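>>> Sequence and predicted structure below; questions after.
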Amino acid sequence: MNILRSFLIVLSFISIIPAPIPSWTPANLRYFCVMLPAVGVIFGLLWAVLWEVLSWPGLSPILRGFMMMILTLALTGGLHLDGLMDTCDAVFSHRDRETRLKILSDTHAGSFAVMSCVIILMAKTLLFSELLSLTPNPLSLIPVPIYSRLGMALLLNNLPFAKSGGLAVSLGSSRNRRDNILLLMMFLLLSVLSMKIIPAMMILCVMLHVIICVKIFGGITGDLLGAFVESSEIIMLFGVILCT
């Protein structure tokens, strides 16, 4: 089934979870966008399990927050963090669009990439630490990685491509606007089951990212999708704290 093959492609691409990798044909990639939030459910459940394990007594909140950050980062193999670093280098270079797109493809890390990496890792550590000290229900964390992948799916399925080639073009080669209906249904269902501030923050993140992608880069790229996941998770984690 194409939908199962799409699921396996998403799982193997955005996580380190072992899975058979089907060939990246248009048919197998048909449901790639729809399967992004489905894999986000697996991430959410793993977050909750890690949360429970690290909630055991004997460790300080800072150390537990650091371990939570490392483990969640390891689940993706640092894929999205790499995209955030490249995006920050490009955005803050204050160059023209073509130069910024070249910076996105540059394998070298500039000063803004390093600073963004340090900031995002510190922010996640502190946010997880704060949440662990507040001891919320671990189920409140599950929607965060789901929403971030749902937003990623919406961006990939709707925005123009910034380049004629690249990762985003490959992943979105079989995208279909009709999938927006399924994505919207997922969003509405998740909104009923989660804190109301989290979907609101997710919408805000998507709107801001659309402006950045279209105005600065002329469309979406793989790095910009990764940057969305990392930045939106930080903002939504802050929302969980506000509601705790």
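Looks like it arrived, so ask away.

>>> Pass me the low-pLDDT residue ranges in the protein, would you?
Scanning the chain for pLDDT under 70 picks out the ranges 135-136.

>>> so where do the helices sit in it?
2-14, 32-54, 61-76, 79-91, 97-105, 111-134, 143-158, 167-171, 179-193, 197-212, 222-242 (DSSP state H).

>>> Residue 172 versus the residue of the chain most remote from its centre, what's the distance?
Most distant from the centre of the chain: residue 58, at 31.1 Å, with distances by C-alpha atoms, centre = their mean. Note on residue 58: its distance to residue 172, by C-beta to C-beta, to the nearest Å, is 46 Å. All C-beta spots, glycine's among them, are computed from the backbone N, C-alpha and C.

>>> same thing with residue 56?
Taken as C-beta to C-beta, the span from residue 56 to residue 172 is 42 Å.

>>> go on, residue 143?
24 Å.

>>> Kindly report the same for residue 182.
In terms of C-beta to C-beta, residue 182 sits 16 Å off from residue 172.

>>> So for those two, which residue has more residues nearby?
Using other C-beta atoms under 10 Å as the criterion, residue 182 and residue 172 rank with residue 172 on top: 22 against 16.

>>> who's in contact with the residue lying closest to that one once chain neighbours are set aside?
Spatially, and ignoring its direct neighbours in sequence, residue 172 is nearest to residue 156 (5.0 Å; C-beta to C-beta, 6 or more residues apart in numbering). If a contact means C-beta atoms under 8 Å, 6 or more residues apart in numbering, then residue 156 has 32-33, 36, 168, 171-172, 175, 220, 225 as its contacts.

>>> For those residues, give me CSV that also has distance to residue 191.
Output for these, formatted as CSV (distance: C-beta to C-beta, whole Å):
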residue, distance to residue 191
32, 23
33, 19
36, 17
168, 27
171, 26
172, 25
175, 23
220, 24
225, 22
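
>>> Of the residues you listed, keep whichever come out buried.
32-33, 36, 168, 171-172, 175, 220, 225 (16 or more other C-beta atoms under 10 Å).

>>> nearest to residue 235, of those residues?
Residue 235 has its nearest neighbour among these in residue 225, at 16.0 Å by C-beta to C-beta.

>>> Just give the nearest non-adjacent residue to that closest one, would you?
Per C-beta to C-beta, 6+ apart, closest to residue 225 is residue 152, 5.2 Å.

>>> now residue 169
Residue 169 sits nearest to residue 161 (C-beta to C-beta, 6+ apart), 5.2 Å away.

>>> and that neighbour, what are its bridge partners?
residue 220 (DSSP bridges).

>>> Kindly confirm whether my reading is correct that it touches residue 171.
No - using C-beta atoms under 8 Å, residue 161 makes no contact with residue 171, being 10.2 Å away.

>>> contacting residues around the residue nearest to residue 116 when sequence neighbours are not counted?
Spatial nearest neighbour of residue 116, chain neighbours left out: residue 88 (3.9 Å); criterion: C-beta to C-beta, 6+ apart. The contact partners of residue 88, by C-beta under 8 Å, 6+ apart, come to 112-113, 115-116, 227.

>>> What of residue 28?
2, 5-6, 9, 22.

>>> Buried among the residues you listed? Need that as a selection in PyMOL.
Here is the PyMOL command that selects the buried residues among these (16+ other C-beta under 10 Å):
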select buried, resi 5+6+9+22
